[in-house]
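Chemist: sequence unknown, structure follows:
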Ligand code: PGA
């Protein structure tokens, strides 16, 4: 059985005060939830603030990105050790905004993933097609390439520490959610691909989140799909009521 996993990606939003309030509000609202894994991913500068505000809550902290070198002359970058030092458990890797706005390649994504695995942090590897790729019926091809390249040199054993997130780029921040059927179709394709790349057991155990305009109103429909094991939530994770409602719905 795959335990549902809901993560909030706060992106470049919230100040220190609001980040702490949001974290404390979620910790209080979700204190009795045991059947769903929960994480929030604030911007780097508030990771420590959020970790402190969460206190002994079971909600974990994730970073939105990480660099693949362990230390040295890499101005502006953040290492896995630094993330662990400020209380992170997870790191998002290859979010579409990093790929398409900030120019991250599959090769960089793979290097980041490998360094996160080595560090003991838990990666959430994001993949997803652009609108023009979907319209050109290239979704399977694009997602397959991203997964094969992103997971290069990753062993079956290491797969147990990885979460995948399918995030169709056209659904992110647009209010246009993939339909439950569209999400399920790609999630099932990803699981089949993992069975080919690894084995049936490994594929069966990997959690695959859906992301892209997920909100309280569509949570039940998305999560009802056999291969949708959780959600990566942007906009709707910025308010205690919305994010807590989604998690309670899944619970
Ligand atoms: P959204 O973002 O929920 O605001 O569409 C999702 C994501 O980018 O992870």
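Modeler: Perfect, thanks for sending it. All values derive from a computational prediction rather than experimental measurement.

Chemist: residue 92 bridge partners, please.
Modeler: residue 124 (DSSP bridges).

Chemist: that one and residue 7, how far apart?
Modeler: Per CB to CB, to the nearest Å, residue 92 is found 8 Å from residue 7. Heads up, the C-betas are built off the backbone N, CA and C, glycines and all.

Chemist: name the residues contacting each of these two.
Modeler: By CB atoms under 8 Å, 6 or more residues apart in numbering, residue 92 and residue 7 have these common neighbours: 41, 62, 124, 165, 232.

Chemist: in ChimeraX, select just the buried ones from these.
Modeler: Those of those that count as buried under 16 or more other CB atoms under 10 Å are selected in ChimeraX with:
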select :41,62,124,165,232
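
Chemist: the shared contacts of residue 92 and residue 7 also near the ligand: which ones?
Modeler: Among the shared contacts of residue 92 and residue 7, the residues lying close to the ligand (CB under 6 Å from any ligand atom) are residue 232.

Chemist: nearest to the ligand among the shared contacts of residue 92 and residue 7?
Modeler: Nearest to the ligand out of the shared contacts of residue 92 and residue 7 is residue 232 (CB to the nearest ligand atom; 4.4 Å).

Chemist: the closest one: what's its closest spatial neighbour, skipping adjacent residues?
Modeler: Among residues not flanking residue 232 along the chain, residue 211 sits closest, at 3.4 Å (CB to CB, 6 or more residues apart in numbering).

Chemist: returning to what we had before: so of the shared contacts of residue 92 and residue 7, which ones are in strands?
Modeler: 41, 62, 124, 165, 232 (DSSP state E).

Chemist: how about the contacts made by the third one?
Modeler: Shown here is residue 124, whose contacts under the criterion CB under 8 Å, 6+ apart are 7, 62, 90-93, 162-165, 209, 232.

Chemist: what helix or strand is residue 89 on?
Modeler: strand 88-93 (DSSP states H and E).

Chemist: what's that strand in contact with?
Modeler: So strand 88-93 is contacted by 7, 9, 39, 41, 47, 51, 60-66, 80, 83, 109, 112-113, 116, 121-126, 150, 163, 165, 232 (CB under 8 Å, 6+ apart).

Chemist: quick one: buried residues of the helix or strand residue 196 falls within?
Modeler: Using DSSP H and E, the element containing residue 196 is helix 180-197. Neighbour-count burial for helix 180-197 flags 180, 182-187, 189-191, 193-194, 197 (criterion: 16+ other CB under 10 Å).

Chemist: show me what that helix is packed against.
Modeler: helix 139-150, strand 163-166, helix 200-205, strand 207-211, helix 216-223 (3 or more CB pairs under 8 Å, 6 or more residues apart in numbering; DSSP states H and E).

Chemist: okay, angle between it and helix 216-223 too, please.
Modeler: 40 degrees (axes from the mean of the first three to the mean of the last three CA atoms, to 10 degrees).

Chemist: does any part of helix 180-197 sit near the ligand?
Modeler: No. Applying CB under 6 Å from any ligand atom, one finds helix 180-197 out of contact with the ligand, separated by at least 12.9 Å.

Chemist: still on that earlier bit, which member of the buried residues of helix 180-197 is positioned nearest the ligand?
Modeler: Looking across those and measuring by CB to the nearest ligand atom, the closest to the ligand is residue 183, at 12.9 Å.

Chemist: need the contact list for that closest one.
Modeler: 166, 210, 222, 225, 228.

Chemist: now render those residues as a markdown table, adding neighbour count and pLDDT.
Modeler: Shown next, in a markdown table, are the contacts of residue 183 (neighbours: other CB atoms under 10 Å; pLDDT from 0 to 100):
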| residue | neighbour count | pLDDT |
| --- | --- | --- |
| 166 | 28 | 97 |
| 210 | 31 | 97 |
| 222 | 25 | 96 |
| 225 | 18 | 96 |
| 228 | 24 | 98 |
